[in-house]
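Student: Pasting a predicted model and its sequence here:
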Amino acid sequence: MKDAAATTSHDTVYLADYAPFGWTVEEVHLTFRLSPDATRVTSRIRFAPNPEGRQDRFFLHGEQLKLIEAKIDGAPVSPEVTPRGLTCDVPDAPFTWEAEVEIAPAQNFALEGLYMSNGMYCTQCEAEGFRKITYYPDRPDVMSTFTVRIEGDEKVKLANGNPVDSGAGFAEWHDPWPKPAYLFALVAGDLVNHPDSFTTRSGKQVELNIWVRPGDEDKCAFGMEALKKSMKWDEEVYGREYDLDIFNIVAVDDFNMGAMENKGLNIFNSSCVLASPETSTDANFERIEAIIAHEYFHNWTGNRITCRDWFQLCLKEGLTVFRDAQFTADMRSEPVKRIGDVIDLRARQFREDNGPLAHPVRPESFQEINNFYTATVYEKGAEVIGMLKRLVGDDEYYKALDLYFARHDGQACTIEDWLAVFEEATGRDLSQFKRWYSQAGTPRLHVTETWEDGTFTLHFRQETPATPGQPEKQPQVLPIEVGLIGPNGDEVVETTLLEMTEAEQSFAFTGLGARPVPSILRGFSAPVILQRETDNAERAFLMAHDTDPYNRWEAGRGLAKQALMRMIAGGAAPDEAYLGALHTLLSDETLDPAFRALAMALPSEDDLAQTLHESSMTPDPQRIWEKREEMRDAMARWMPDLLEKLFHAHQVPGTYQPDAGPAASRALANAALSLLTRLDGGEKARAQYASADNMTQQLAALSCLLSIDAAKGELAAFYDHWQADRLVIDKWFSLQVAYAKPAETAATAAALVEHPDFDMKNPNRFRAVFGALSMSPAGFHHASGAGYELLADWLLKLDPLNPQTTARMCAAFQTWRRFDADRQAMMKTQLERIGAQQDLSRDTSEMVSRILG
Ligand code: PHE
Ligand code: ZN
């Protein structure tokens, strides 16, 4: 009955099978004659036999293309065409390939290749979208220079590189830097620009533009400042200068991901670049600054040095995420950035690493590479770079990076190349360290302590649980930063880096006058789960005295987590020791308000479910939700005066500024407001909503009102006011789902998709509703199963249009084995229903079969 073939018929690609392409590409000329339903693309490509390549029959990738004609050295040829590409007999010498194909951008809802969004043409080629534009060796190790001619009536026509010519109905661009096809980009539309310029440190003038739809001009200034800061930072910190005359950013409404680093022509999801005080929150501003930096930094880590094959994705992504995190830490607060990143890593990467989708930072096989743009490749990939930097030290790190850029500029590289550079620059043997790239799973780090005659010894033991395809794990290199604090609260041993390489290893600190309290894994120096017997007295002590802000936060989080676990598992009352310690910390006016706002946030529902599962208990999402609510009520009742004080003291007067300072104050005041709302029936929130002159304050107030189910009027007013602003309306959709009571989450989402403004073809809108559903654990996992069924219904509807977004959202089901038998059965049923769909995409079928395991 069940169509097993649907989940197994797709080819698997293996890292071990890598072989260079049999030809090199010397240059590429492309002409686009744009038309929504019948764009003609002609290509002229110079190929030469590659002495290092494997001389298979000549094969070019190509999908969903209508081949009009093909020629070799001017003579027509008739290649053999399949749904995946074409093969052809070619001369045993350099030759010129010419082809003309027809494509239909207006029918392209997958948003890969050339597609249309609100009347504008744009492309997305990473990872394998270029093959939907023309026939080509669409693999990152084939690099070439591109010359592009665009013909059409659109006012603005952009491609990579520098502009070379333009006139009535055409524009020509030339990119002098050889690049793989995944970095190709083209944009055409009636766009307007926000112009600026940047002078590089060697004195070169670069023209900068952010291109947007008319009406969005006033939302570009912040992104432009972020771009200039990024350019300057990369010169100062990494010595990297920009290398073209022009750098263009384009905002597009329909986009599967956040943004794309195409050479000289970055394309952004409009939600990741457009910003204004009225329409964007502080969190939006910070994220936009980080993504602009990320894409810009790719110019060196990704474009000038690219990946040999898609297994090496972390080579560019891990490093670029690490670089953008450094940038944000420099622009804003380093500890606050680190704490935020750890929260995110635990929420997304640990979840992945501890379930059926676990894979190494460098995967060894895939069916659809789009499914490997994951938290593991990106965020764990960045953690691996951070560990490397800690191990070798800052000076050696930058020395190695200089060598990397000098040696590999213009090449398509591997993790082996990257590590070899570090080995050479630092003289270290990194063969064991390399396991971080090949072993999946989150290491557990167990710690015990002994104290004798002035010597304090830490005994560590590491183990990594089995993951799919990897039953046995070897010990990894763990950089463990430790400090010791004396009983009077003074630090007796400053941060020291312990380098653990064995399965079990001890480190002694001698000559101490009294038994210290250890502060272990400062700065979260390795992405592990720390397992250590401790008590609330010690946590409260660290919360008060630790000099490492990360561990100070972690101590508070440990207290909160313990308290919640006892409420969930044992029915305990909210822990007064926690409430007291929190009160003390929040009252400390020397502490950054952003840090205090983070300390006020409880561990997430998902974090608690993960922890229960880890302790062999079955999480009940409804109960977790209720106990978190109970705790928040208790927090509000415990410290009403302090909350009032924080709320008033941290109001920011004057014109809105998105900078870290005022944003931190707003974060603390709004965290206080959300608790106060439980006491005052929403009076303060309603007043804030009415007087807010920026989206941060408005949305915070609206969220408070939604949380007590008192937002009816505001919700309607919000819609009426923001109806024309699609990014704000995305917020309107997602908040309603996020704040629905668990029993109503699915019904709320189901009602919203009937709204005339719901458009399943727009990924932002789809995610606003269904992302919010899958990120509301109690609602999604409601015992009725309505959340599971609704999500599956809509994933099935979306798959034929947009496989990439469908597949990513299937990950909502990845935790299914954590739950009770009833929920497991319901989730399994939905996964099997998706898997059985006729013509299911390769993307979704791979995800479903991996999740089912
Ligand atoms: N390479 C992009 C980035 O990390 C992400 C991306 C992948 C965008 C695939 C589109 C498609 O910045
Ligand atoms: Zn990236």
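Tutor: Sure, I can see it. Ligands and ions are numbered 1, 2, ... in the order given.

Student: Could you check how many residues crowd around R57?
Tutor: Residues near R57, counting by other C-beta atoms under 10 Å, number 10. Using the backbone N, CA and C atoms, a C-beta is placed for each residue, glycine as well.

Student: Could you do T496 as well?
Tutor: So T496, with other C-beta under 10 Å, has 13 neighbours.

Student: Check G258 too.
Tutor: 16.

Student: Pull the contacting residues for the nearest residue to it once chain neighbours are set aside.
Tutor: Nearest residue to G258, sequence neighbours excluded (C-beta to C-beta, 6 or more residues apart in numbering): C272, at 4.8 Å. With contact taken as C-beta atoms under 8 Å, 6 or more residues apart in numbering, C272 is in contact with 258-259, 287-288, 291.

Student: Relative to ligand 1, how far out is the closest residue to ligand 2 within the stretch 51-200 of the chain?
Tutor: Minimum separation of the stretch 51-200 of the chain from ligand 2 (C-beta to the ion) falls at E126, amounting to 8.9 Å. As judged by C-beta to the nearest ligand atom, to the nearest Å, E126 and ligand 1 stand 4 Å apart.

Student: That residue: what's it in contact with?
Tutor: With C-beta under 8 Å, 6+ apart, E126 has these contacts: 182-183, 260.

Student: Within reach of ligand 1, which of those residues are there?
Tutor: M260 (C-beta under 6 Å from any ligand atom).

Student: Now, the contacts of C272 that are in strands?
Tutor: Residues of these located in strands (DSSP state E): A259.

Student: Farthest pair within the contacts of C272?
Tutor: Spatially, the most separated pair among these is A259 and R287, at 10.7 Å (C-beta to C-beta).

Student: more crowded one of these two?
Tutor: Using other C-beta under 10 Å, the more surrounded residue of A259 and R287 is A259, with 23 against 17.

Student: now the nearest residue to that one once chain neighbours are set aside, which residues is it bridged with?
Tutor: Spatial nearest neighbour of A259, chain neighbours left out: F268 (4.2 Å); criterion: C-beta to C-beta, 6+ apart. Assessed by DSSP bridges, F268 has beta-bridge partners A251, A259.

Student: Would you agree F268 is in contact with I249?
Tutor: Yes: counting by C-beta atoms under 8 Å, I249 is a contact partner of F268 at 6.0 Å.

Student: Now list whatever residues contact both of those two.
Tutor: Common neighbours of F268 and I249 (C-beta under 8 Å, 6+ apart) are 292, 295.

Student: Pairing-wise in the sheet, spell out the partners of the residue of the stretch 401-550 of the chain found nearest ligand 1.
Tutor: Ligand 1 sits closest to A412 of the stretch 401-550 of the chain, with a gap of 15.2 Å, by C-beta to the nearest ligand atom. Counting by DSSP bridges, A412 is bridged to T306.

Student: Run a quick neighbour tally on it.
Tutor: 22.

Student: ok, now A226?
Tutor: Burial measure for A226: 23 neighbouring residues, criterion other C-beta under 10 Å.

Student: And it, what's its pLDDT?
Tutor: You'll see A226 listed with a pLDDT of 99.

Student: Is my assumption valid that it occupies a position in a helix?
Tutor: Yes: judged by DSSP: H, G, I helix; E, B strand; the rest coil, A226 forms part of a helix.

Student: quick one, what contacts it?
Tutor: Counted by C-beta under 8 Å, 6+ apart, A226 has contacts 288-289, 292-293.

Student: quick one: the residue in the stretch 251-400 of the chain positioned nearest to ligand 1 from D330, how far?
Tutor: As assessed by C-beta to the nearest ligand atom, ligand 1 sits closest to M257 within the stretch 251-400 of the chain, at 3.6 Å. Remark: distance between M257 and D330 (C-beta to C-beta, to the nearest Å) = 25 Å.

Student: Looking only at neighbour counts, state which of these two leads.
Tutor: Remark: of M257 and D330, M257 carries more neighbours, 18 against 14, as counted by other C-beta under 10 Å.

Student: Would you mind confirming that L840 is in contact with R833?
Tutor: No: counting by C-beta under 8 Å, L840 stays clear of R833, with 10.7 Å between them.

Student: who has more neighbours, these two?
Tutor: Between L840 and R833, counting by other C-beta under 10 Å, L840 is the more crowded of the two (24 against 17).

Student: who touches the residue in the stretch 551-700 of the chain positioned nearest to ligand 1 in this structure?
Tutor: Nearest to ligand 1, among the residues of the stretch 551-700 of the chain, is P658, at 21.9 Å (C-beta to the nearest ligand atom). Applying C-beta under 8 Å, 6+ apart, we find P658 in contact with 222, 275, 277, 280, 282, 285-286.

Student: farthest pair in those residues?
Tutor: Using C-beta to C-beta, these reach their maximum pairwise distance at P277 and E286, which is 13.7 Å.

Student: These two: which is more packed in?
Tutor: E286 (22 against 18).

Student: Tell me how far that one lies from ligand 2.
Tutor: 17 Å (C-beta to the ion, to the nearest Å).

Student: if I pick that residue, what's in contact with it?
Tutor: So E286 contacts 328, 332, 658, 660, 663 (C-beta under 8 Å, 6+ apart).

Student: now, which of the residues you listed lie within helices?
Tutor: 328, 660, 663 (DSSP state H).

Student: Tell me the one of these nearest ligand 2?
Tutor: Closest to ligand 2, out of all of the ones in helices among the contacts of E286 and judged by C-beta to the ion, is T328, at 14.4 Å.

Student: what sits against that closest one?
Tutor: Per C-beta under 8 Å, 6+ apart, neighbours of T328: 286, 289-290, 293, 337.

Student: and the residue of the stretch 501-650 of the chain nearest ligand 2?
Tutor: P527 (18.8 Å).

Student: gap between that residue and T464?
Tutor: For P527, the distance to T464 - C-beta to C-beta - is 11 Å.

Student: tell me the strands in the stretch 101-250 of the chain, going along the chain?
Tutor: Ranges of strands in the stretch 101-250 of the chain, per DSSP state E, counting those that start in this stretch, are 113-117, 120-124, 144-151, 156-159, 162-167, 170-179, 186-189, 192-199, 205-212, 246-252.

Student: quick one: which of these is nearest ligand 1?
Tutor: strand 120-124 (5.6 Å).

Student: Dump the closest one to PDB, keeping only the CA atoms.
Tutor: Once non-C-alpha atoms are left out, strand 120-124 reads as follows in PDB (Å, rounded to 0.1, in the frame of the first residue of the first chain):
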ATOM      1  CA  MET A 120      10.800  41.800 -10.000                       C
ATOM      2  CA  TYR A 121      13.200  39.200 -11.400                       C
ATOM      3  CA  CYS A 122      15.700  37.700  -9.100                       C
ATOM      4  CA  THR A 123      17.900  34.600  -8.700                       C
ATOM      5  CA  GLN A 124      18.800  32.200  -6.000                       C
END
